[in-house]
Structures are given as C-alpha cells and as structure tokens.
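> sequence and predicted structure below; questions after.
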Amino acid sequence: MSIDEVAPRAGREQLSSVSAVLADTDRRLQNGARQRPIWASGFNALDKTLGGGFRAGDLVLLAGPQGLGKTTWMLQTARNVARSGKPALMISYEHDVESLAIRLLALEAGERGGTNAADASRFRQAFEGGDGSPSGLADRLSRLNNGTEAQQAVAEYAHRLVLLAGSGMSTGLDAIGSAVEQVREATGESPVVFVDYLQKVPAPQFLEESERVTHVVETLKDLAMHLRVPIVAVVAHDKEGLESGKRLRARHMRGSTALAYEADVLLLMNLKYDIVARHHIIYDIARAEHFKDWVVITVEKNRAGQSGVELEFRKRLHQSRFDQDGGVVTEQLIGERVLTE
C-alpha cells in the first residue's frame, strides 16, 4: 500500500507524498488555477517586490512609529483588495467602525479631488451632525468637496470590506477565525485579513508579555495557513525603537523574537526625513522639508522573493491615504537618524 492510499484516511493535511503534491499541482495548472492565490496590495512598487502581492497562508507584519500612518496604510490596502473584487476583513483594536468609514470617505475624496478635496476632519463633522439639522448623511456629504463622489466610490465595494471593532478583552484568536469563516460564508471567497494591532489581541493572562506575543503571532501564522488566507498585522515597537537617533529595525518590535521568525513578509515603516543621509539634507534645506512628506517602507523579510528593498510613498494623512505610485528610494539612507526635530 502506498502513502497516497493511506493519506486520505490519516488526513491529507498531515500526510502527503511528493508525488501527490506534484500531481495536485499539475491538475491545478492544467485547469488554469494558481498554486497559491495572490492578492495585490494596490501599492504597485510593493506588489512588484513581493511577486504580485500577499500569498495565501502568509503572515505579513507591518511595524513603524506612532503617527506615521500604519493604520492608514492598512485600511487603504484593505480598500484596494475590496475594490479589486475580493473580500477583505479589517479587525481594529484601536478604532471604531465609524472612524474607519470616515477615513475611507476621506481617502476616496482625496483620490478624486486632490488638495481641493475635503479632509478627514470635515467628514467627521458630517458624521457627528452637531448642527442640529435633520438632514441625512448623503445630504451632508454633498456639501463637502468631492463628498458625493467619495460616497459613491465607497458604495461600489462596501459590501466586500468588512470591519470589526475588536476588544482587547474578548476578540481573541478564536473570534478572528470565526470572523474569517463568516466572511467566507457570506461572500463565497476567502478574505485578506488585517489586524490592527497584534499586541492588542488577547492571550492567556498568566503568560509574560513576550510569551503572550509569541502565542498570538504563532497562532495567527497557523490561522493563515489553515484558512489559506493572508493575514496582515500591525506590530508595536518597544521604547528603545522609539528613541530619537535610532532607525526602527526588526529588533525593536515589542514582545518577542518570534515576530521576525514567524513572519513571511516583514515591512518596516520609517519617516524618510529621519533616515536619509545627512548630505541630502544640509545642502538643500527645501528638499529636506520635502522628505518629511514621505515614508520609507523597507521589505526587511520576504520569503517569496527579494528582501532589503527600500520603497517610498508620499503620505497624505489629512486625507487618510498615501499616494500609491511610489517607487524605490534613490537617495542614500543611513542606519541611524542624523537630525531630529
């Protein structure tokens, strides 16, 4: 009796011969199916580096300092997935669902109106309705620059972008898995999962912090593989990584060395002004100010391809978005910050 005859009884996920793997792959290829589905992030330079985007079963971690736009980048990426016709699930332990919807509207307005579009604060005012007027949301948005266009744009993918306001007390790893299954059942497809942020996911309280982080990151990786979906999670940095004079690195991620080990893709976000070489700043002050408008995303780890790639994207955080047409950094970058504000 061959292994392939035994495998169905034992469970194909536990036991499979190489011949079975190759045969399955051949069948998929002949049927025109991809071996591992890939979801594009919508940030073209990043997708090119990652070989198309996020792969099924991958755990993608995004780290960076506070206020630089990690949540903005994640929500924009989830929106890009939904716009492409695929479902996306965003679980936020930091923001309620209304705040995320406001960000989406500001993003869409900015994409259409540029600098003339209403910013996120104007959309928040429209949502809050503090003027006592009985007018509905559509009417209020129509008074904002590009407000109506933004609402129409969001409506095109709103049913594919599912938001969950997570609780650090109750929205644990089982709840994340359950949410993925609910989206899959409702849409008929597996979603890309976004978690903001990893250290807020509840874990057994009797564990030390590093053990809790290890437990969460290992289980998220297991979930990604078991459910065959990409999971993209924001991670926090420790105090050392937030000190002036230091460039944020993988070693500054808070809680456990398992973060860097378990990740299939590790993205580090830094402000370009903080890490560009000194000579790019001191000889051109105007350009130095320009660097403050850009973030550098370093592909620190990439199991599917090239790593060590430095990509830059212009931030428009007042409109809850980044310009997606970034590219490879051409200036010299350094390991430590040389100037601080």
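Thanks, I have it.

> low-scoring stretches of the protein, by residue?
Along the chain, the parts satisfying pLDDT under 70 run over 1-14, 33-35, 130-132, 238-246, 250, 252, 254-256, 283-284, 335-341.

> any idea how far the residue nearest the centre of it lies from Arg103?
For the chain, the residue nearest the mean C-alpha position is Met74 (3.4 Å; C-alpha atoms, centre = their mean). Counting by C-beta to C-beta, to the nearest Å, the gap from Met74 to Arg103 is 10 Å. To be clear about C-beta, it is placed using only N, CA and C from the backbone, and glycine gets the same treatment.

> cool, and Leu198?
For Leu198, the distance to Arg103 - C-beta to C-beta - is 20 Å.

> mind jotting down where the helices sit in the protein?
Counting by DSSP state H, one finds helices in the chain at the ranges 3-10, 18-30, 44-49, 70-83, 97-113, 120-128, 137-142, 147-157, 173-187, 209-227, 258-262, 272-275, 279-282, 285-291.

> just to revisit the earlier point, which neighbours do Met74 and Arg103 share?
Contact criterion C-beta atoms under 8 Å, 6 or more residues apart in numbering; residues shared by Met74 and Arg103: none found.

> residues touching the residue nearest to the residue nearest to the centre of the chain when sequence neighbours are not counted, list them.
Leaving aside its sequence neighbours, Met74 sits nearest to Phe194 (C-beta to C-beta, 6 or more residues apart in numbering; 5.1 Å). Phe194 makes contact with 74-75, 77-78, 88-91, 231-233, according to C-beta under 8 Å, 6+ apart.

> how near is Phe194 to Gly166?
Distance, Phe194 to Gly166, using C-beta to C-beta: 11 Å.

> returning to what we had before: would you list the helices of the chain in JSON lines and tack on distance to Leu61?
Formatted as JSON lines, those follow (distance: least, C-beta to C-beta, whole Å):
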{"stretch": "helix 3-10", "distance to Leu61": "33"}
{"stretch": "helix 18-30", "distance to Leu61": "28"}
{"stretch": "helix 44-49", "distance to Leu61": "14"}
{"stretch": "helix 70-83", "distance to Leu61": "11"}
{"stretch": "helix 97-113", "distance to Leu61": "20"}
{"stretch": "helix 120-128", "distance to Leu61": "26"}
{"stretch": "helix 137-142", "distance to Leu61": "35"}
{"stretch": "helix 147-157", "distance to Leu61": "25"}
{"stretch": "helix 173-187", "distance to Leu61": "15"}
{"stretch": "helix 209-227", "distance to Leu61": "8"}
{"stretch": "helix 258-262", "distance to Leu61": "6"}
{"stretch": "helix 272-275", "distance to Leu61": "19"}
{"stretch": "helix 279-282", "distance to Leu61": "29"}
{"stretch": "helix 285-291", "distance to Leu61": "25"}
